[in-house]
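[1] Sequence and predicted model, in that order:
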Amino acid sequence: MKIAIIGAGYGGLAAAYDLRKAGHEVVIYESANYVGGLASGFKEPHWDWSVEKFYHHWFQSDASMMGLIQELGLQDKVIFPRPLTVMYFNGKFYPFDSILNALRFPGLGFGLNKIRFGFVGLFLRLTNNWRALEKVTADEWMLKWAGKQVYEQMWKPLLIGKFGPFYKDVNMAWMWARIKARTTRLGTFDGGFQRFSDLFAEQLRNMGVEIRLGTQVKFIKQNQAGGLNVDVESFDKVLVTTSPSLIAKMCPDLPENYLKGLLELKSMGAVVMTLSLKHQLSEQGYYWFSLPKEAGFPLLALVEHTNFVSKEHFGGDHIIYAGDYLEVGHEYFSLSDEELLERFIPAFKRINPAFEKDWVKKVWVNKTNYAQPVPLVNHSKNIPAIQTPIEGLYFASMSQVYPWDRGTNFAVEIGRRAAKMIIEG
């Protein structure tokens, strides 16, 4: 079969790998001039490594991702440094990168609160019954079982940071999946995620996959021969790995009820500022700062990348990310880079009072309208089928990895799942 894949993110690349191995002719269309999707990166001339546009890392438990890397023979380039994650409470940051440190966190209070925190965490790790959890909101469930203090100090800031005005609507299965699937060990690729994406694309090209970069698809329509036209070229089958709104735009022949379902899916966008600094921001060597909005921080997370991997990979520059998930239309999407920097500087000073604006060597800002699906109560009923109602047209995106959270691991998993469905016909 001749198969088109729309999108060269991890899902599209993984699907192409399996389809080509099965002997099919594969063409990937990518509107950008690079592969990697939301995990793509950029480099300055004096850097040896790339930096991701939207900060990424792997978890040691990412079985789909690690399995693919093993198949590609690139496992020796995956590294797992030991970064330090901290949580804010009453004007100070406290280590929060292990169960022991979590139990020591003063925001939990004493006695019963810590016991409830421990039992809630243990229950969510052990249970597999996420379908019962999707019937209730995380806000309601955590208030009931974790208690008000634990919820307001630990889980509510996370929900607000991730989902903004929708935080009370998110179902508990999302929280379960986050706790169930993730580990405290964080990994990256030698050279950066863009290096991995480029090596993966190179292997695909060597296998005979055609990757058309800088090629935006205008439409996908059924043709008289029983196949599908991607613009003017005919294919037997097509896999779309873009956002729900983009497939709705590209495929107007989809039935009205399917299109309606796609367009009703809620999602959050993201704005991420990356900075190269002359000096280290966190003198304690902290990597990940979780910043509660209710404490007056203007962003969700500050990540000092060069406290995770060496600054020597970046010509001695100290690299930090300042990022936030935001509803589409939030003012951060329209601010200039300079205006956004002015908003964030007070947060940098709260982390290091010695910080001055002249520490900043360069700023990059990346924005996307589609970064975090919002799973509502009974969300499994809203998930679009991978096989669309149009014969031969398939759809695999991060809106369909539910109950799991979006990320490269589950992009690989759903891409390969879609490829298997295409192969089996």
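    In hand now; what should we look at?

[2] By residue count, what's the longest strand in the protein?
    Ranked by residue count under DSSP state E, the longest strand found in the chain is strand 360-373.

[3] which secondary structure elements does it contact?
    strand 267-277, helix 337-351 (3 or more C-beta pairs under 8 Å, 6 or more residues apart in numbering; DSSP states H and E). (C-beta placed from N, C-alpha, C; glycine too.)

[4] how about the closest residue in space to Val401 that isn't next to it in sequence, secondary structure?
    Nearest non-adjacent residue to Val401, counting by C-beta to C-beta, 6 or more residues apart in numbering: Phe410, 3.8 Å away. Assigned state for Phe410: helix (three-state reduction, DSSP: H, G, I helix; E, B strand; the rest coil).

[5] what's the answer for Ala4, then?
    strand.

[6] what's near enough to touch Glu413?
    Taking C-beta atoms under 8 Å, 6 or more residues apart in numbering, we find Glu413 in contact with 64, 401.

[7] Please, which helix or strand holds it?
    helix 408-424 (DSSP states H and E).

[8] Same check on Tyr402?
    Counting by DSSP H and E, Tyr402 is part of no helix or strand.

[9] Confirm for me that it is in contact with Pro373.
    Yes. Here Tyr402 reaches Pro373: they are 7.1 Å apart, a contact under C-beta atoms under 8 Å.

[10] Of the two, give the one with the bigger neighbour count.
    Using other C-beta atoms under 10 Å as the criterion, Tyr402 and Pro373 rank with Pro373 on top: 25 against 21.

[11] rewinding a little: what's the burial count for the residue nearest to Val401?
    23.

[12] quick one: contacts for it?
    Going by C-beta under 8 Å, 6+ apart, Phe410 touches 64, 398, 401, 404.

[13] By neighbour count, which of these wins?
    Result: Met398 is most packed of the contacts of Phe410 (other C-beta under 10 Å), 27 neighbours.

[14] out of everything not next to it in sequence, what's closest to it?
    Closest to Met398 by C-beta to C-beta, 6+ apart is Arg406, at 3.9 Å.

[15] how about the helices in this protein?
    For the chain, the helices defined by DSSP state H occupy 10-21, 63-72, 99-104, 112-126, 130-133, 138-145, 148-150, 156-163, 172-181, 193-207, 244-250, 256-264, 337-351, 408-424.

[16] From Val35, how far out is the closest residue to Ala63 other than its chain neighbours?
    Leaving aside its sequence neighbours, Ala63 sits nearest to Asn409 (C-beta to C-beta, 6+ apart; 7.4 Å). Going from Asn409 to Val35 by C-beta to C-beta, to the nearest Å gives 17 Å.

[17] on that earlier part again, what comes up buried for the helix holding Glu413?
    408-419, 421-423 (16 or more other C-beta atoms under 10 Å).

[18] and the angle from it to helix 10-21?
    30 degrees (axes from the mean of the first three to the mean of the last three C-alpha atoms, to 10 degrees).

[19] Let me know whether the residue nearest to Met398 touches Pro375 as I believe.
    No. Using C-beta under 8 Å, Arg406 is not in contact with Pro375; the gap is 10.4 Å.

[20] neighbour-wise, which of these two wins?
    Pro375 (28 against 18).

[21] Would you mind measuring from that one to Lys162?
    11 Å.

[22] Now the common contact residues for the two.
    Here Pro375 and Lys162 share the contacting residues Val170, scored by C-beta under 8 Å, 6+ apart.

[23] Endpoint to endpoint, stretch 1-20 covers what distance?
    When the termini of stretch 1-20 are compared using C-alpha to C-alpha, to the nearest Å, they are 10 Å apart.

[24] how distant is stretch 330-347 from the center of its chain?
    Distance, stretch centre to chain centre, for stretch 330-347: 22 Å (C-alpha atoms, centre = their mean, to the nearest Å).

[25] Quick one: mean pLDDT for that stretch?
    The average pLDDT within stretch 330-347 is 96.

[26] returning to what we had before: and the furthest pair within the contacts of Phe410?
    Farthest pair in these (C-beta to C-beta) is Ser64 and Met398. Separation: 13.2 Å.

[27] quick one on the thing from earlier: averaging pLDDT over each of the helices of the chain, which comes out lowest?
    helix 99-104 (a mean of 75).

[28] what's that one in contact with?
    Contacts to helix 99-104, defined as C-beta under 8 Å, 6+ apart, come from residues 94-96, 108, 114, 117-118, 121.

[29] most neighbours, which of those residues?
    Busiest of the contacts of helix 99-104 [other C-beta under 10 Å] is Phe117, holding 24 neighbours.

[30] pretty sure that one contacts Gly109?
    No. The pair Phe117 / Gly109 is not scored as a contact, 9.4 Å apart, by C-beta under 8 Å.
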